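Trainee: kindly generate the corresponding structure for this input.
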Amino acid sequence: MVILLPNEIAVTTLDGRAYYKITSILKEMGLKFDNVMLGQTFSPSIKLVITTEKERNLINHEKVLSLEELSKDPYLAKEKIIDNLYEYGDESIIVGIDPGKRTGIAVYYKQKELMGDISNSMDEVITKVVRLISSSHVKKKIVRIGNGKPEMAEKIAKELSKRLRDIIIELVDERGTSSLSKIKSSKKVVRDQRSAMMIALRQGKRYFGDQIV
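Mentor: A predicted model of the protein is given here:
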């Protein structure tokens with residue numbers, strides 16, 4: 001038997017265009033939500049209401065976020081939503097990278113999945129990770145790289161350490177990360193991406209330039 005947990009987000013707006021934009025963002029993120037009419041009582045499970053700036057004063061709820069406050073970048077928008085949903089938790093961005101012919105990338109914030117992706121080149125991986133890390137407002141940032149392909153892993157680590165400041169880079173033992181049954185995701189993912197998710201959640205050895213401790 002599958003137990004369905006109640007949704008934590010409600011969308012409340014009379015603006016049809018705004019409703020479409022808000023729900024499109026949430027669907028792209030893989031986040032479920034309830035539709036609640038203005039004036040209707042929110043269920044106790046609702047932790048965050050998303051509406052428009054014009055309508056937010058009409059909503060009686062502790063936490064309200066407007067469409068105008070959400071970034072056009074889905075990654076940053078989801079980071080903001082997680083910030084509002086979960087006040088407590090490990091406030092670190094963790095990026096997992098599974099190097100290979102197709103390189104998996106997974107990003108977590110407050111132990112919640114922010115995004116997952118696949119890149120086909122090392123340059124593309126580095127560009128994406130630099131953009132994500134640089135744009136995030138979170139102070140503690142950790143990048144964990146699987147060491148199944150040691151040369152490629154160290155090249156990525158070296159390049160990221162050059163381009164980014166104040167980040168922790170770890171090289172992670174990849175054994176067991178190819179198993180598809182050990183971790184769940186909010187949406188369907190391919191093996192490389194799922195391996196990156198497992199790498200993100202596994203502590204590795206700290207990388208300091210050419211030294212690994």
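Trainee: wasn't Trp151 part of a helix?
Mentor: Trp isn't right for residue 151; it's Glu. Yes - with DSSP: H, G, I helix; E, B strand; the rest coil as the criterion, Glu151 is part of a helix.
Trainee: that one - how many residues pack around it?
Mentor: Applying other C-beta atoms under 10 Å, we find 9 residues neighbouring Glu151. C-beta: built from backbone N, CA, C; applies to glycine.
Trainee: model confidence at it, what's the number?
Mentor: At Glu151, the predicted lDDT confidence score is 93.
Trainee: what distance do you get for Lys158 to Lys72?
Mentor: Distance, Lys158 to Lys72, using C-beta to C-beta, to the nearest Å: 32 Å.
Trainee: more crowded one of those two?
Mentor: Neighbours per residue (other C-beta under 10 Å) separate Lys158 from Lys72, with Lys158 holding more: 14 against 8.
Trainee: report the secondary structure state of the more buried one.
Mentor: Applying three-state DSSP: Lys158 is helix.
Trainee: can you tell me how far it is from Leu171?
Mentor: Distance, Lys158 to Leu171, using C-beta to C-beta: 11 Å.
Trainee: how about Glu87?
Mentor: From Glu87 to Leu171 the distance is 33 Å (C-beta to C-beta).
Trainee: which one's more surrounded, those two?
Mentor: Counting neighbours by other C-beta under 10 Å for Glu87 and for Leu171 shows that Leu171 has the greater number, 21 against 9.
Trainee: who does the more buried one bridge with?
Mentor: Ile145, Lys205 (DSSP bridges).
Trainee: ok, the residue nearest to Lys54 when sequence neighbours are not counted to Ile22 distance?
Mentor: Distances taken as C-beta to C-beta, 6 or more residues apart in numbering put Asp15 closest to Lys54, at 7.8 Å, once the chain neighbours are dropped. Remark: distance between Asp15 and Ile22 (C-beta to C-beta) = 9 Å.
Trainee: most distant residue from the centre of this structure?
Mentor: Distance from the C-alpha centroid of the chain, by C-alpha atoms, centre = their mean, peaks at Gly39 (32.2 Å).
Trainee: does it lie in a helix or a strand, and which?
Mentor: According to DSSP states H and E, Gly39 maps onto no helix or strand at all.
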